[in-house]
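Engineer: Sequence and predicted model, in that order:
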Amino acid sequence: MIRVENLTKFFGKIRAVDHLAFEVKEGEILGLLGPNGAGKTTTMRILTGFLTPTEGVVEIAGRNVLRELQRVRRQIGYLPEDVPLYRDMTVLAFLKFVAALKGVRRSQRARAIEVVVERCKIAEVLKRLVGKLSKGYRQRVGLAQALIGSPKVLILDEPTSGLDPKQINEIRELIRSLRGKQTVLLSTHILPEASAVSDRVLIMNEGKVVAQGTSEELGAQLRTAQEILVTVRGDMKIVKPALHRIRGVLSVEKIQSLSGEIDVYKVFCDKDNDVRGEVARVLVDSGFDLLELRSNVMSLEDIFLRLVTKEDPAESEAVPEGTPQPS
Amino acid sequence: MRNTLAVFFKELKSYFCSMTAYSVITIFLILTGFFFSTAVSYFSFYSYQLSAQPYLAQQGLSLTEAVITNLFFNFSVILLLMIPLLTMRLIAEEQKQGTFELLLTFPVREAEVILGKFLAVLAVFGVMLIPVAGQLYLLYSVGGQFEWGVVASAFAGIFLLGTAFLAFGLFASSLSDNQLISAVITFGFLLLLWMIAWVAELLPPDATGWINELSLIRHAEGFFKGIVELKHIAFYLLFTGFFLTLTVWRVETRRWVR
Ligand SMILES: Nc1ncnc2c1ncn2[C@@H]1O[C@H](COP(=O)(O)OP(=O)(O)OP(=O)(O)O)[C@@H](O)[C@H]1O
Ligand SMILES: [Mg+2]
């Protein structure tokens, strides 16, 4: 439904988007995840034809955005970052205006507005001025205008930023309810959001794709080692070497002592060998009580952070002399 | 067309909801009222004096000439000050608030949006002129004698002049996301094109023609005296068309920032 190829955008010398390529299938929800300045907004602006790329091809519903801009825009509902709305209009007048510009037929406008008003739960603010709404309602109105006319593609730039947890949940649910009906591209800084709402996540940094896939795939791709947490009752001096002898185990570390002889160990092993079965067997065969065994999945958040934090060699070097050290 | 109308009504509503239109119209009304009443009192003063001189009294003073021509000239000076206040927000505000990102990603053409905005401000300007007509009607109802042809031509002149002012103001509004800057550019440029006529008087005659052609006000003077000439109409329409096109071009190329 959305196809992006070799997309590059320069602002002066700044390369905001750098040979970006990705695809979104019909009915899929893709989360665009990246830190500040990763180029998410720029990418979305190019997709909606608000900006022209320096280089590259964008196709939406099989049409080239540059060549058939007006037609492509008919298929898109867009929620820009920071939700710019006409503050001096009432919500209802604003939605009517949007419906007219989106080419919804006059006879169907009232119905089209009714549908989005109900979906976004903004019935109680229809008569109020947009500029006087709370952030949550403004966001909903922004979402409502994007949904008017049921466009095939929805492009939502940080749809939940600045909302309270309850509102975040409601908006996420709303987006999830679109799955399969509309194709959605949404951007966010926070990984739980991307993995909670979207079918697939694309991690961007400095204008490039650094990783993409479902959250499980991302986890599998990016984890270099597995961690297993084992809780055992038994003598540490015997347990530790026993675990060490298992093939694929890289290191064993006692991280916690609970009451009596119960200890918690962290077992690292290489990611291709699933050693959990072997660990359990060895411990039980040796007569220890195996109280708990779980793989400690490295959280996606950790992966994301690792991907987007570039270690700056200059920064990690010794602190210059004379600088006061925080203690 | 449908998009232009949608933008037109939205802008019109926003003029009247935000009080901009009311305040500008009110001030315009006060100023024109002031000029109008002074013109009329001068007129009655001189007519009274003239009545003492039998020879001149026979000819009489023309109300049209004495009042209308000067009055409309004064109105156009007021417009020079008021038009920038009407046009400054049209595009600058959208750029500042970021709403262009919404508006220009709907399936609309830039030209439709610009035209809608222009027609809306033109309508507000039209509304501004209604009270002026009211004042003239008042004078007529107490027995004033007008040559209605001259009055109509003066209105046409001021409307064309205002149209040209508005087109430039709209363009200036697209140059910045700061409304004040747009207003200053509009005022400065229009004033320059106004004063250029004075410069012309200092120059050798062969250069005067050209410069006079550029002067916005020179083309309106005839209208205020009741002389309608096609070339002046053409000047204002071309001027308007030129700056509207420039505005569309300016907004379209915004996409290509690099
Ligand atoms: N109009 C512009 N002119 C110049 N530089 C720009 C412009 N828009 C964006 N940039 C630059 O392009 C880069 C990418 O910005 P972009 O807004 O796309 O990032 P983002 O991923 O949306 O960030 P955030 O999460 O903070 O919204 C940044 O370095 C930004 O400074
Ligand atoms: Mg952004």
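Structural biologist: Here it is on my side, so go on. Residues are numbered from 1 along each chain as shown, chains lettered A, B, ... in the order given. Ligands and ions are numbered 1, 2, ... in the order given.
Engineer: what's the residue nearest the centre of chain B in contact with, if anything?
Structural biologist: Nearest to the geometric centre of chain B sits residue B:162, at 1.8 Å (C-alpha atoms, centre = their mean). Taking C-beta atoms under 8 Å, 6 or more residues apart in numbering or on different chains as the definition of contact, the neighbours of residue B:162 are B:79, B:83, B:125, B:129. (Each C-beta comes from the backbone N, C-alpha and C, glycine too.)
Engineer: run the last query once more with 10 Å
Structural biologist: B:75-76, B:79-80, B:82-83, B:86, B:121-122, B:125-126, B:128-129, B:220, B:236 (C-beta atoms under 10 Å, 6 or more residues apart in numbering or on different chains).
Engineer: secondary structure class for it?
Structural biologist: Classification of residue B:162 by DSSP: H, G, I helix; E, B strand; the rest coil places it in helix.
Engineer: about what we covered before: name the member of the contacts of residue B:162 with the most neighbours.
Structural biologist: Sorting these by how many neighbours each has (other C-beta atoms under 10 Å in any protein chain shown) puts residue B:86 first, at 29 neighbours.
Engineer: Correct me if wrong: that residue contacts residue B:126.
Structural biologist: No. Contact between residue B:86 and residue B:126 fails when scored by C-beta atoms under 10 Å: they sit 11.7 Å apart.
Engineer: do the strand or helix carrying residue A:154 and chain B meet?
Structural biologist: Applying DSSP states H and E as the criterion places residue A:154 in strand A:153-157. Yes. Strand A:153-157 comes into contact with chain B when judged by C-beta under 10 Å from any C-beta of the partner chain, the residues involved being A:155, A:157.
Engineer: Parallel or antiparallel, which strands does that strand pair with?
Structural biologist: In the sheet, strand A:153-157 lines up against strand A:76-79 (parallel), strand A:183-188 (parallel) (DSSP bridges).
Engineer: I'd like these as CSV, with distance to residue A:155 and mean neighbour count appended.
Structural biologist: Shown next, in CSV, are these (distance: least, C-beta to C-beta, whole Å; neighbours: other C-beta atoms under 10 Å in any protein chain shown):
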stretch, distance to residue A:155, mean neighbour count
strand A:76-79, 5, 26
strand A:183-188, 5, 26
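Engineer: between those, which gets nearest to ligand 2?
Structural biologist: Shortest distance between ligand 2 and these, using C-beta to the ion, is found for strand A:183-188: 6.5 Å.
Engineer: Give me the pLDDT value at residue B:258.
Structural biologist: The score at residue B:258 is 67. That number is its pLDDT.
Engineer: Between the strands paired with strand A:153-157, which one is closest to ligand 1.
Structural biologist: With C-beta to the nearest ligand atom as the measure, strand A:183-188 is the member of the strands paired with strand A:153-157 nearest ligand 1 (6.7 Å).
Engineer: Now do the helix or strand following that closest one: distance to the chain's middle.
Structural biologist: Past strand A:183-188, heading to the C-terminal end, the next element that is a helix or strand (DSSP H and E) is helix A:191-197. The gap between where helix A:191-197 is centred and where its chain is centred comes out at 5 Å by C-alpha atoms, centre = their mean, to the nearest Å.
Engineer: check contacts around residue A:233.
Structural biologist: Neighbours of residue A:233 in contact, by C-beta under 10 Å, 6+ apart: A:239, A:258, A:259, A:260, A:261, A:262, A:263, A:283, A:288, A:289, A:290, A:291.
Engineer: so does the helix or strand containing residue B:102 get close to ligand 2?
Structural biologist: Here residue B:102, judged by DSSP H and E, is contained in helix B:100-103. No. When contact is scored as C-beta under 5 Å from the ion, no part of helix B:100-103 falls within range of ligand 2; the minimum is 11.6 Å.
Engineer: who touches that helix?
Structural biologist: With contacts defined as C-beta under 10 Å, 6+ apart, helix B:100-103 is touched by A:41, A:44-45, A:48, A:50-51, A:78-86, A:94, A:97-98, A:101, A:142, A:145-146, A:157, B:7, B:10, B:91, B:93-95, B:110, B:113, B:177, B:251, B:254.
Engineer: Shouldn't residue A:35 be within a helix?
Structural biologist: No. With three-state DSSP as the criterion, residue A:35 is located in coil rather than a helix.
Engineer: I'd say it and residue A:187 touch.
Structural biologist: No. With contact taken as C-beta under 10 Å, residue A:35 and residue A:187 are classed as non-touching, separated by 11.4 Å.
Engineer: Overlap of the contact sets of these two?
Structural biologist: Any residue near both residue A:35 and residue A:187 by C-beta under 10 Å, 6+ apart counts here, and that gives residue A:204.
Engineer: Okay, and which of the contacts of helix B:100-103 map to helices?
Structural biologist: Residues of those located in helices (DSSP state H): A:41, A:44-45, A:94, A:97-98, A:101, A:142, A:145-146, B:7, B:10, B:91, B:93-95, B:110, B:113, B:251.
Engineer: among those, which are within reach of ligand 2?
Structural biologist: Applying C-beta under 5 Å from the ion to the ones in helices among the contacts of helix B:100-103, one finds that residue A:41 fall near ligand 2.
Engineer: filter the ones in helices among the contacts of helix B:100-103 to the buried ones?
Structural biologist: A:41, A:44-45, A:94, A:97-98, A:101, A:142, A:145-146, B:7, B:10, B:91, B:93-95, B:110, B:113, B:251 (16 or more other C-beta atoms under 10 Å in any protein chain shown).
Engineer: Can you sort out which of these also neighbour ligand 1?
Structural biologist: Of the residues in these, proximity to ligand 1 by C-beta under 6 Å from any ligand atom holds for residue A:41.
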